[in-house]
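A.B. asks: starting from these lines, generate the structure:
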Amino acid sequence: MNLDLEEGKFLVETARNAIESYLNKRKLALKDENLADVFKEKRGVFVTLNTYPANRLRGCIGYPLAYEPLIDGVISSAVSAAFSDPRFRQLSKEELRNITVEVTVLSPMKLLDKKIDYKRQIKIGEDGLFIVCGQNSGLLLPQVPVEWKWTEDEFLREICIKAGLSDDCYENKNCDLYSFTGQIFKETEPLGEVVEEKN
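C.D. replies: Model (predicted):
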């Protein structure tokens, strides 16, 4: 299931190209139909944009579940992160020169056992969390608790807050909590080298 570095680089380049294409033409970039099979697999994926060099979040959108081929998810997530994240104004051409692009490819979701303490089932630095409570849901990527130096307790509270619920919602038996892992590929600087980040 894992991608190699060259495949990760291709996804990051595709994400940046999709944003540039939309900026210039106001339409989604066309994909190459002769892609390797790995890019045609249905995978969850998120695209994150950060300012450079301050490394502040500038947009993050994606798909927790494997709804569509990976390449389609990267293209649509990149454009949405740049132009449809409700937390930020639309990205400008000038800003794009000072933005780094990051692609996180998700593993399948693993439903956690409600009979076992969740803190024993998650590992900071490896797992992301996805919670579903009725109509509410929230997702935090594996890199988030590392960046914020959260404990397992804090991670569980924050996933509830992300879903717009009370910070103890994970204790509700009507809520389902999932863990997942992610491969993170990111630019070290705008248009710079792409590396795989290990938490």
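A.B. asks: okay, now the unreliable bits of the chain?
C.D. replies: Low-confidence segments of the chain (pLDDT under 70): 1, 27-31, 199.
A.B. asks: identify the residue nearest the geometric centre of it.
C.D. replies: Ranked by distance to the mean C-alpha position of the chain (Cα atoms, centre = their mean), the top residue is residue 46 at 2.7 Å.
A.B. asks: can you pull out the strands in the chain?
C.D. replies: Secondary structure of the chain (DSSP state E): strands located at 45-51, 57-63, 99-106, 110-111, 128-133, 136-140, 175-180, 182-187, 194-197.
A.B. asks: out of the ones you listed, the one nearest residue 69 is which?
C.D. replies: Comparing these against residue 69 with Cβ to Cβ, the closest turns out to be strand 45-51 (9.9 Å). All C-beta spots, glycine's among them, are computed from the backbone N, C-alpha and C.
A.B. asks: can you list contacts of that closest one?
C.D. replies: Strand 45-51 is contacted by residues 15, 56-63, 70, 73-74, 77-78, 80-82, 91, 98-106, 141, 182, 186 when judged by Cβ atoms under 8 Å, 6 or more residues apart in numbering.
A.B. asks: and the closest residue in space to residue 70 that isn't next to it in sequence, how far from residue 98?
C.D. replies: Excluding its sequence neighbours, the residue lying closest to residue 70 (Cβ to Cβ, 6 or more residues apart in numbering) is residue 43, at 4.4 Å. As for residue 43, its distance to residue 98 is 29 Å (criterion: Cβ to Cβ, to the nearest Å).
A.B. asks: redo the strands of the chain as JSON lines? Include distance to residue 22.
C.D. replies: Output for the strands of the chain, formatted as JSON lines (distance: least, Cβ to Cβ, whole Å):
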{"stretch": "strand 45-51", "distance to residue 22": "12"}
{"stretch": "strand 57-63", "distance to residue 22": "13"}
{"stretch": "strand 99-106", "distance to residue 22": "13"}
{"stretch": "strand 110-111", "distance to residue 22": "34"}
{"stretch": "strand 128-133", "distance to residue 22": "27"}
{"stretch": "strand 136-140", "distance to residue 22": "24"}
{"stretch": "strand 175-180", "distance to residue 22": "28"}
{"stretch": "strand 182-187", "distance to residue 22": "18"}
{"stretch": "strand 194-197", "distance to residue 22": "20"}
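A.B. asks: so which of the ones you listed is nearest residue 149?
C.D. replies: So among the strands of the chain, strand 136-140 is nearest, using Cβ to Cβ, at 13.8 Å.
A.B. asks: by contact count, what packs against that closest one?
C.D. replies: Judged by 3 or more Cβ pairs under 8 Å, 6 or more residues apart in numbering; DSSP states H and E, strand 136-140 is in contact with strand 128-133, helix 152-162.
A.B. asks: quick check: domain ranges of the chain?
C.D. replies: Following automatic domain parsing, the chain resolves into domains at 5-107+182-197, 110-180.
A.B. asks: just name the most buried of the helices and strands packed on strand 136-140.
C.D. replies: Burial of the helices and strands packed on strand 136-140 is given as mean neighbour count (mean count of other Cβ atoms under 10 Å); strand 128-133 ranks first at a mean of 23.
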